[in-house]
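Visitor: Build the 3D model from these lines:
(chains A, B, C and D, ligands or ions: 4)
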Amino acid sequence: MAASHQPASRMQWLFGAIALPRGWRLGAGPIIAAIVLAIIVMLSVLAPLIVPHDPMAIDALQRLKGPSETYPLGTDAYGRDVLSRVITGGRVSLFIGISAAIVSVMIGLLIGLVSGFFRMADAIIMRIMDSLMAIPSILLAIALVALNGPSIWSVMGAITIPEIPRVVRLVRSVVLSAREEPYVEAAIALGSSMPKILWQHLMPNTLAPLIVQGTYICASAILTEAILSFLGAGVSTEIPTWGNIMAEGRVYFQLKPSLIFWPGLMLSLCILSINLLGDTARDMLDPRLKKREG
Amino acid sequence: MKFKTRTFDDVPSVLEIENLTVRLSGNEKAAPVLDRVSLTIRQGETVCLVGESGSGKSVTSLSVMGLLPRGALEATGGRIGLEGKNLLELGPQAMRDMRAQKISMIFQEPMTALNPVIRVGEQIEEVLNTHTKLSTKEKKARVLDIMNQVHLPDVERIYRSYPHQLSGGQRQRIMIAMALILEPQLLIADEPTTALDVTTQQQILSLIAELQEKHGTAVLFITHDMGVVAEIADTVHVMKLGRIVEQAPVEELLRRPREEYTRELLQAVPSLTPRAARDTPEGEPVLSVNSLQKVYGAHGVFKRTEPTKAATDVNFTIPRGRTLGIVGESGSGKSTVARCIMRLIDPTEGEIRVADQEIATLSRRALRPLRRHIQIVFQDPFRSLNPRWTIGRSLVEGPLNMGTDRRAALSRARELLKLVGLPDDAVDRYPHQFSGGQRQRVAIARAIAMEPDVLVADEAVSALDVSVQAQVLDLLDELQQKLGIAILFITHDLRVAAQICDEVVVMQHGRVVEHDSAANVLSAPRHAYTRALIEAAPGRQWDFANFRELDSV
Amino acid sequence: MLGYITRRILAVIPVMIIVAIFVFLLLRLTPGDPAAIIAGDMATPDQLERIRTSLGLSDPLHEQFITWVGLLLQGELGTSLISSTPVTQMIGQRIWPTVNIAVLTILLSVLIAVPMGVLAAWRHRTWVDYAVMTFSVLGFSIPVFVIGYIFIKIFSIELRWFPVQGYVAPSEDFGKFLSRAILPCLTLATIYVALIARMTRASMLEVLGEDYIRTARAKGVKETVVLFRHALSNAAVPIMTIIGTGFALLIGGVVVTESVFNIPGIGRLTVDAILARDYPVIQGMILLTSGLYVLINLLIDLSYTFFDPRIRY
Amino acid sequence: QDKTITAVMHSGLRVLDPIITTAHITRNHGYMVYDVLVAVDENFAPQPQMADWTISDDNLTYTFTLRDGLKFHDGAPVTAADAVASLQRWGKRDSGGQLIFDVTESLEATDDKTIVWKLKSPFPALLDTVGKQSAVPPFIMPERVASGSADEAITDYTGSGPFVFVADEYQPGVSVTYRKFEDYVPRDGEASWMAGGKNVKVDEVKWVTMPDAQTAINALLSGEIDYIEQVQIDLLPLLETSEDVTVETRDDLGYQTIGRMNFKHPPFDNPKIRQAAQMALSQEAVLATLIGNPDYYKVCGAIFGCGTPLGDEAGSDTLTSGGDIEGAKKLLEEAGYDNTPIVLMQPTDVVSLTAQPVVAAQAMREAGFNVDMQAMDWQTLVTRRASQSKPSEGGWNIFFTNWMVPEINSPLISPMLNGRGDAAWFGWPEDEKVEELRAAFIAADTPEKQKEVAVEIQKHTLENVLYVPLGQYIMPQARSNKLTGMIPSPVPVFWNIEKAE
Ligand SMILES: Nc1ncnc2c1ncn2[C@@H]1O[C@H](COP(=O)(O)OP(=O)(O)OP(=O)(O)O)[C@@H](O)[C@H]1O
Ligand SMILES: Nc1ncnc2c1ncn2[C@@H]1O[C@H](COP(=O)(O)OP(=O)(O)OP(=O)(O)O)[C@@H](O)[C@H]1O
Ligand SMILES: [Mg+2]
Ligand SMILES: [Mg+2]
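Guide: Ligands and ions are numbered 1, 2, ... in the order given. Sure, this is the predicted structure:
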């Protein structure tokens, strides 16, 4: 038992209370979720090897066709194979969704912790965040594309930057309550440094709301990417992403809903899985929900 | 000494617990937390439950309330009979009706048991909202009335306060008020007076006695204070390791304990006679406090409320290796002084010197290296432990900050846990999985793991049964001998103060009213308040250790 | 506290200054030429240049900035380069639909989401919890336009309960306002219901294990009171944050919903202005929203002290 | 109860000055609010509108006489001075107008009702130009308005036409309301295109913008609106089932979609490579992707448009027959293409321009081009296409756009046939041959001769790839069956329409 703490020590420092408790049993839900997510990620990564058609090859004569043997999910308005596009679409979408979520959550977390804990910093940081919140991501996207050239990074930036203030606010609000807890006083009395208190005592409190916010950002980034594409400030609409497949299918919603259905299904499955995993992580983080081992 | 001697042979019983067994959920192999506990309380009877800390007293009471933590503990056998119904089989709605109407409970740890974001007045009032149909005005009047009855000062202010703005004892009295307001048939009080000074305690006890008189309330009283037991109990049950080991009318038990454990317990009760004086060591005092003052600012969105003067002109010094006790009225500013000394709050005025360093005005950053010199055991141990951290992790936090190697810190932590009488697996458990007294011991272990020069102990042993208490006090004494720790010991328990303090400070209304050697304060008190305090010490005519009356009072 | 509020309200000024400079620079960094929009496709370079000059776009950047700040100091936002309408008038026309829809949406969302989240936390890991989660996930992973179309299909086209599109000011005819606003609000609400419900659930779970919940139960109060008064008020701070930032987002305008339901709100105004590089309109819009955000955030912050008295500023 | 027509127009009205801009929506707005002196009818023949005219025998003096009863919306009578000021302002902005003023001796109001226009040399197309309905028509405004700068948008919207602009209800880009001008005196006779009697039969016309095509259709089906100017062709099936709605084409000429290359920079400075690119392209592929339904598009190799007097398809075989990838490859090889990336600008926020770049990029890639398709918004494209920098440094190689056929149906007006290098339209070809041919066209005095020159220009254009015509398409309109009497014209006009209750 003693030894078990040794290798975990550095990890513990980094992740606060996240150490996986022993005796925790995963239910079927998270396992299925992990498998679904893994399959979708695999499909996306391996897309170039497995798709039946070139996802960008257009064929005007095959526009908006229903499912057939050559096109199992039919074709879109450019006569492109929907199946290939949906599979390939995961590449950009998952990348943007997950990285936007991670980046904005990480940056927001750091800023929010500091801002929530130090009153002096709070006044300044939050005013900057207020300002940042007011910049529309479309404008940011167009400007970033202009500065940086059209690239996935510009899109990432344009999606992530406006999310940061919202994450900061969330983290800060949790810290504001938590910093009044006596155990924080106790940590001060024990001579813990501020970074340590922030990261080890306060940060774990923010995780549950952050998991929620993070999955939301992930989903909304994937959808926002499409909006930006269509305003000419995103990834070229030629490159399939779940977002822009759906956005392109928008016009055909009443005539050919399957154009939206498939990418929508993939996205929903993904987000559902991430949510289930997030919930599981949350439960694991809460010792009060853990069972004591015998 | 006059014991209660009423017989309850033909009085109907209110609560009948038969063979109650409680186990850790999903763990059949582990030893049960409660092992076939049986207990009967009759109308108007006061049953005291005493015993080792962690023996299952709180779990017993929670089982009666149907409030065992879901997913952690569950009742696997036996019966809890109330009015002919088995509470273990009641549905949630029926159980809800039972609570407060028929049974009320005073929880052990008042800080965590009060909702931090609702004004305490409203929290009391809520009981009335749920179970009566009074007008708003009547309700408020009832609440203020009960608050007065539990001797809360300044009830209008406290009515509007949030729990964190109250002292430990004040919170506890809120809990009591909440439980008493509806005059229940069965009152379960889980260490209701640990944070109360003896005069207030006396008031509360007589309040409960009055209730019993008027309504025939049956009381299950859990306590560590044998003095209280002697004063109020009709019947006493002694618990150890989840089992009731002995059960007898109070006088019988105190005079002729049958079980070995009971005898040990009684023998461990400290006497009220102060310890032999030790001479003051040479050299500068380790801690000196000079005209310390603390005023809690008031705040509200638009209206200003009166600020609270919690401490005024407090002066004292503690030399190396000596112990200074602070006793006094609940809410008199003891914890405030302690927190100022720790610089957890900023004193409004005054000087604090620790190891020759003026710290009252140092910045947080500059304070950090000094932290190892001065440590505190919080009055409220549960909240002072991070609920997400294992005990082991909490224990090594301080030493790691001071540069101790983790392995060494951890083995020292285990050692300390053993010294304070906690089981071996404690390091890997979380705070909520312990009993109140166990958590308090964790807090003590955490503070002494730092080997400080000054230890501030705020009600550090109040939740411990006397045998464990003795063990802990011995430990402190030993450390003091070895390392020369100076201890600031805040307590309500005059017996404890008598045992370990060299000097005693008596506080009332934020001021020091008396300050002298322990012997002088306890045997020849000068201030009226001090005299009242000593008068009120429960069981002072009884010599517990020798199972007889004290001859010399 | 009053002092704090005053300080925060005064903070509008530095925030607006930062935003003003930032937006001004950002806009001039983006390629685009309002003159080209005005002149149309066939204009010659020479004509373009003349229009540019007449719009003041040929002046050096700092002069344009000074001119604009000068206007601002007189309390003016300038006039649209494209339509020559005063910016204040344009924003004035467009902000109310957005605000009205936003308020209604948030009200609706909170009313639906909070109980949902509480229920999910209470029935943690039961089918109720999973149902709420699935619904929530659909809420934020389905594009709003899909939800909008589906609502239109069901409620407007099949059932004919509400009009397909349009906006009528509530002051003009409240009934008509409601019948037109209800679908866009519901559509937007699906996202916010999802987010708020999940946030409620997450923070409720943190709180439900606390001892004071046990105390509340010991008092015999109803389970709803335990959940909504004791637990929810402790869990409220992050939920309020989400509601507040969500509201801010709605106030900033929601382009897609405004398009689907043809609501003349500021979301479309902003996007149109950005796509047309109508600088004064964009600048005015962003300045105004930043001021609004400062106020909304102030309200959020004040709500914290209401829900958690331990929080002080 | 007022009779109101609610119409969804192809875009939002933002600019209210029909002289300063060539935007179609503003021109349409112009026709609502203003009247013109002369207007072409459906046979392309100029007809008197506000004024009758006489031409001197030497073809140098045109005398216009205003008809009686003309009033501005503020009640003031329309005078010759107003007309002169309006024509002059127009002349500064319209390219056709500029050509006339280049040869104008004088233009003056000799009395309240008479305008005398003297030329230095004959300008046979004067009446056609003054009466044209495309680009910028010379709308008649009050003198005080028209005497302002031609580079600054007007702010006084007092008009002379059949409808009054309701300033209070105007929301730029969202909606605009017009009320019937009670004092407007229509000309006698049937309405025909922009000419004839403009009889307003409703009280109010409201133009609204609906950014969402499906919403507009749903709104039309549910009777919330009366009219959609342009229906996305893929969505027609949604309307076909309804008995209350009619889908029709109002204007048979429609639009021409085109590609334009940059002559200044490699590789398209090389005519062979331009030809290779053109050879790779197939009109059918572009149109089928863009429009889908073949009823609404026409493969047409004529740079002046099919169905127009000058239209001729000479030299367009590869374009009209589905492209020749192999031929393009060969040509590209011959030309020694060094794989320089082709910067192809793709505007993603304009629905009618999203397909062309994608289809073209694929075809050119197949032919061996290294295509760098860059997505951007239309505004960025507009700015960027004006840049003469290297493609790698913020310039470009090729972009696509659409024209209304009347805007390109003659060498005089088609901007893409200007071969004067830097003074030419974006792409800046230096092409003396085309300039010569254009001069020859102006000099040609009979339709036959003109046609002959036009065919030459057609051949030359495709050979030198001045631009690539990618075919013609029409946009149908949809209206509620309650609306009757709408006249077929390229500009949607709201006079003559009746609305049943
Ligand atoms: N949630 C829990 N999970 C696991 N074990 C628990 C839990 N709560 C209590 N225990 C264990 O049950 C035993 C009995 O606890 P209980 O709180 O009843 O003790 P107690 O007699 O009230 O002690 P004290 O006097 O210290 O308050 C203790 O050993 C404690 O560690
Ligand atoms: N944060 C606060 N804000 C306002 N008043 C406070 C605050 N904390 C404590 N007080 C008040 O200050 C007084 C002294 O409190 P303190 O906690 O020091 O008492 P104490 O002597 O430790 O009492 P006890 O023995 O009951 O723990 C009390 O009246 C209390 O209500
Ligand atoms: Mg206990
Ligand atoms: Mg205290």
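Visitor: make it CA atoms for all contacts and neighbour counts henceforth
Guide: Will do.
Visitor: Tell me how far the closest residue to D:Pro309 other than its chain neighbours lies from chain A.
Guide: With sequence-adjacent residues excluded and distances taken as Cα to Cα, 6 or more residues apart in numbering or on different chains, D:Pro309 is closest to D:Lys451, at 7.7 Å. Going from D:Lys451 to chain A by Cα to the nearest Cα, to the nearest Å gives 34 Å.
Visitor: can you pull up the bridge partners for the residue of the stretch 101-250 of chain D found nearest chain B?
Guide: With Cα to the nearest Cα as the measure, D:Gln171 is the residue of the stretch 101-250 of chain D nearest to chain B, at 42.6 Å. Applying DSSP bridges to D:Gln171 gives these bridge partners: D:Ser175.
Visitor: wait, isn't it in contact with C:Gln93?
Guide: Yes: counting by Cα atoms under 8 Å, D:Gln171 does reach C:Gln93; the two are 7.4 Å apart.
Visitor: what about the two, which has more around it?
Guide: Per other Cα atoms under 10 Å in any protein chain shown, whichever of D:Gln171 and C:Gln93 has more neighbours is D:Gln171, with 21 against 17.
Visitor: thinking again about what came up before, what residues of the helix or strand encompassing the residue nearest to D:Pro309 count as buried?
Guide: In the assignment (DSSP states H and E), D:Lys451 maps to helix D:447-464. For helix D:447-464, burial by neighbour count (16 or more other Cα atoms under 10 Å in any protein chain shown) applies to D:450-464.
Visitor: closest to chain C among those residues?
Guide: Nearest to chain C among the buried residues of helix D:447-464 is D:Thr461, at 19.1 Å by Cα to the nearest Cα.
Visitor: what about the stretch 51-200 of chain A, any weak spots by pLDDT?
Guide: Judged against pLDDT under 70, the stretch 51-200 of chain A has no low-scoring part.
Visitor: tell me the contacts of D:Ala500?
Guide: Contacts for D:Ala500 (Cα atoms under 8 Å, 6 or more residues apart in numbering or on different chains) come out as D:482-484.
Visitor: Could you give me the ChimeraX selection string for whichever of those are buried?
Guide: The buried residues among the contacts of D:Ala500 can be selected in ChimeraX (16+ other Cα under 10 Å) with this line:
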select /D:482,483
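Visitor: Now flag whichever of the contacts of D:Ala500 is closest to ligand 4.
Guide: Using Cα to the ion, D:Lys482 comes nearest to ligand 4 of the contacts of D:Ala500, at 83.9 Å.
Visitor: Just confirm A:Ile102 is within a helix.
Guide: Yes: counting by DSSP: H, G, I helix; E, B strand; the rest coil, A:Ile102 falls inside a helix.
Visitor: My read is that it contacts A:Gly214, right?
Guide: Yes: with contact defined as Cα under 8 Å, A:Ile102 and A:Gly214 form a contacting pair (7.2 Å).
Visitor: Between these two, tell me which one has more neighbours.
Guide: More crowded of A:Ile102 and A:Gly214, by other Cα under 10 Å: A:Gly214, with 27 against 17.
Visitor: now the helices for the stretch 201-313 of chain C?
Guide: Remark: helices assigned in the stretch 201-313 of chain C by DSSP state H, counting those that start in this stretch are C:211-218, C:223-225, C:232-251, C:255-260, C:266-276, C:279-307.
Visitor: All good on my end, thank you.
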